[in-house]
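K.L.:
Build the 3D model from these lines:
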Amino acid sequence: MFLEQLSSICNRIEGVLALSLVAKDGMPVESVSSDPDLDLEVLAAELVAQARSITENHRELDVGEVQQLSVTTDRLTLMVSSVAADYYLLLVLGPGGNYGRARFELRRARLLLEAELS
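P.N.:
Prediction:
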């Protein structure tokens with residue numbers, strides 16, 4: 001159902017390796033990937049857990065909800081973006097990827113997908 005939308009988002013971001021719609025339990029619902037070596041299930045579970053943990057800490061600090069989290073390693077940039085109360089988008093960007101465009105497209109995707117997922 002969401003495969004077409006995920007593919008469309010990927011096509012607008014230079015250097016994207018994968019994009020996954022992930023449930024709040026960390027399990028991917030739908031994914032698009034051009035790198036068969038990426039273990040999206042493990043990445044999704046770990047990063048969504050981190051995003052949820054940070055969100056809980058921010059609630060205690062009363063600074064608002066985490067909408068987007070980025071982690072940059074020596075090989076990849078991993079971005080987790082909240083879409084709706086129970087869903088996230090996980091984007092994996094390669095070293096030559098366009099970080100600014102990726103952030104923009106994730107914000108745009110949130111607006112497009114939020115109504116369908118709520």
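
K.L.:
From the rest of the structure, what touches the strand or helix carrying residue 81?
P.N.:
Per DSSP states H and E: residue 81 is located in strand 77-84. Strand 77-84 is contacted by residues 21-22, 43, 47-48, 50-51, 65-72, 88-93, 97, 99, 102-103, 106-107, 109-110, 113-114, 117-118 when judged by C-beta atoms under 8 Å, 6 or more residues apart in numbering. For the C-beta atoms, the positions are set from N, CA and C on the backbone; glycine is no exception.

K.L.:
Tell me, how many residues neighbour residue 47?
P.N.:
22 (other C-beta atoms under 10 Å).

K.L.:
Which parts of the protein are strands?
P.N.:
Counting by DSSP state E, the chain has strands at residues 16-23, 28-33, 68-72, 77-84, 87-93.

K.L.:
among those strands, which is nearest residue 1?
P.N.:
strand 28-33 (7.1 Å; C-beta to C-beta).

K.L.:
Next, the angle strand 87-93 makes with the closest one.
P.N.:
With axes from the mean of the first three to the mean of the last three C-alpha atoms, to 10 degrees as the basis, strand 28-33 and strand 87-93 are set at 20 degrees to each other.
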